[in-house]
Structures are given as structure tokens and as C-alpha cells.
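Engineer: This is a predicted model, with the sequence first.
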Amino acid sequence: MNYDILKNCRLCPRNCGVNRQSGKIGFCGSNSRIKIARAALHFWEEPCISGKSGSGAIFFSHCTLKCVFCQNYGISTQNHGKYISESDLSDIFLHLQDQGANNINLVTPTHYVPQIINALCTARKNGLQIPIVYNTSGFEKPETIRLLSNYIDVYLPDLKYFDDRYAVKYSNAADYFKTASAAIAEMYRQTGPCVFDESGIIQKGVIVRHLMLPGLLFDTKKIIDYLHSEYGNNIFMSIMSQYTPLDTVPNKFPELKRKLSKKHYAAILDYAAGLGIENAFIQEGDPASESFIPDFYEDDN
């Protein structure tokens, strides 16, 4: 796939139209050069992704969403990471497979879709066989997701907000729910219901993540209602309580400078069970900890 799509970049819903191919920087913070913040076996994903061997996670620097509460602020907004070539990326895929990774896990990859497709094609010619996971904020254009047909096996999108008031307030993303739900529909169209191997590792399908935010219990209920109504148990939900109130959250959002209420999380789990939801991942214990945030590469300008 050539890079012409980057000359008037509209890969993400920001539609900034920047000529990233010429070296200019898009809304996401990147030009056409691939920048990654970490590439390693990762053991903190859902059990069907990490398993015992780990997920081969590549964390891409920059982001198309930039939430004010971002748990990976160092790479989404401060742009930490190091530059690599398309050939390097292909080699990383193969190296992670050689290390025993259950899959290749592309984390915040949207702004590098053309480069990723090319690297995947090269890696497959050289023996890449494990599933490819597309790990995203959910703020995606269906047109971009369609470019990934035949390249992605498992989609792992967020569905962060139902009410656009919160999407605008915390992510400056009007029409987030409309946009993300359309993208998830395209993801499901490509994969169909989830398929697992004999070890319980997902091979194909969609897992929708929702990180509960402090005070947004009713918004979470609406998201769960929507996903259950639309997909039943053909997808998996991952209902996450690991929100960590970092110092990088601006002071004008005091409601986000506290942990998620344990009572609210317990209430939402009861609510999901009452709806008859069977396919869901949950978190236990006190997850609001920076231990959920990996060590990232230092900045490379």
C-alpha cells in the first residue's frame, strides 16, 4: 500500500487533511515516520489475549483522540518513543512471534495504517502466522477499518462514552458514540462471532472495552445496554475498573482526580449479570494503580 493516503490525511475522524507525507504533523502528532513507544510481550490484556505466553504488543506513539485522563499520556500527548522503519516493524512482528507471543497486538495504530499493512504483508511472506489484534480507542472511520479487512483477525476497540457531552468534555470528540458504534459494526462485519483455540486464546472476533470513569455510572449502563441489544453474546465485553487518576489530568476536571467507586463498579457488574450477559471480562481487587501503565521508550526526536 502506498503512502498517498497520507498526503491529505483523513485516516481518522479528525479529518485534518494534513500532508503527513511531506513531513507535516497531523492532529495525531505524527508525520509519515513510524514511531513506537514499546514492543514486548505484554501480560496485562484480557486472558484470551495475553494467555500465559503474553501478547506481542507494539505501542505506537501519538494518538487521534487524546483524552484528558489518558492512562498512556506519555505516548499519546508527550509523544515519547523511537522512530523505526517499515522494515523494522515487520522484523518486530516476527521477533515477537519467535518469542512465543499469542498474537501481534497493535496499540493505538490508526495513524499508521498504511505502514502497518505494508509491514504485515512483508512479515507474512517471511512466516508471520499468529493472529493480529487491532487495539484502538474506537474513534475510527469505517472506511479506514475497511482498509484492514483481511489483515486484522481480532478487533479490540474501546467504547468510551454514550453521551456526547462527555465525549466533547473529556476528548473533544463530537459524535464519538455515533462514530465508534459505526466502526465497531464494520469490525464485527469482518470477523463475525468470537472464535478461540483449544487453549482459550482468541483467534477471531471483537472484544469491546469500556473503562468506567468516576461518576459516569449511568453512561456505562447505556453502553452496556447498547452492546447487549446490538450484539448479544456474539461479542465479548471487557468492563474495566482500572481508571488511574494521574497528575496529568487538568485541574479543571476535579471529578477525574479520584478513583472509581468500588460500589459503582460492583453495581455495574450486577447490572450486566441481570441483563443476561454471559461473555464479559471483569477486573478484581484495587486496580487504580500505575502498575497498569508500562514503561515506555524515552523520547527520540
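Structural biologist: Noted; the coordinates are in hand. Numbering: from 1, shown residues only.

Engineer: what about the closest residue to Leu216 other than its chain neighbours, which SS state?
Structural biologist: Leaving aside its sequence neighbours, Leu216 sits nearest to Tyr166 (C-beta to C-beta, 6 or more residues apart in numbering; 6.5 Å). Backbone N, C-alpha and C define where each C-beta goes, glycine included. Applying DSSP: H, G, I helix; E, B strand; the rest coil to Tyr166 yields a three-state assignment of helix.

Engineer: residue contacts, Tyr166?
Structural biologist: If you count contacts by C-beta atoms under 8 Å, 6 or more residues apart in numbering, Tyr166 has them with Leu213, Leu216, Asp219.

Engineer: quick one: it and Tyr265, what's the gap?
Structural biologist: Applying C-beta to C-beta, to the nearest Å, the value for Tyr166 to Tyr265 is 18 Å.

Engineer: and if you look at Ile117?
Structural biologist: Distance from Ile117 to Tyr265, by C-beta to C-beta: 38 Å.

Engineer: do Ser241 as well
Structural biologist: Ser241 sits 4 Å away from Tyr265, going by C-beta to C-beta.

Engineer: Can you pull the residues that touch both of those two?
Structural biologist: Common neighbours of Ser241 and Tyr265 (C-beta under 8 Å, 6+ apart) are Met212.

Engineer: Name the helix or strand for Ile223, please.
Structural biologist: helix 217-231 (DSSP states H and E).

Engineer: tell me which residues of the helix or strand following that helix are tucked away?
Structural biologist: Heading C-terminal from helix 217-231, the first helix or strand you meet, by DSSP H and E, is strand 236-240. For strand 236-240, burial by neighbour count (16 or more other C-beta atoms under 10 Å) applies to Phe236, Met237, Ser238, Ile239, Met240.

Engineer: and if you look at stretch 32-43?
Structural biologist: Ser32, Ile34, Lys35, Ile36, Ala37, Arg38, Ala39, Ala40, Leu41, His42.

Engineer: would you list those residues in TSV and tack on pLDDT, secondary structure and distance to Ala180?
Structural biologist: TSV is the format used below for the buried residues of stretch 32-43 (pLDDT from 0 to 100; DSSP: H, G, I helix; E, B strand; the rest coil; distance: C-beta to C-beta, whole Å):
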residue	pLDDT	secondary structure	distance to Ala180
Ser32	97	coil	26
Ile34	98	strand	25
Lys35	97	strand	24
Ile36	97	strand	24
Ala37	96	strand	23
Arg38	96	strand	25
Ala39	97	strand	26
Ala40	97	strand	28
Leu41	97	strand	29
His42	96	strand	23
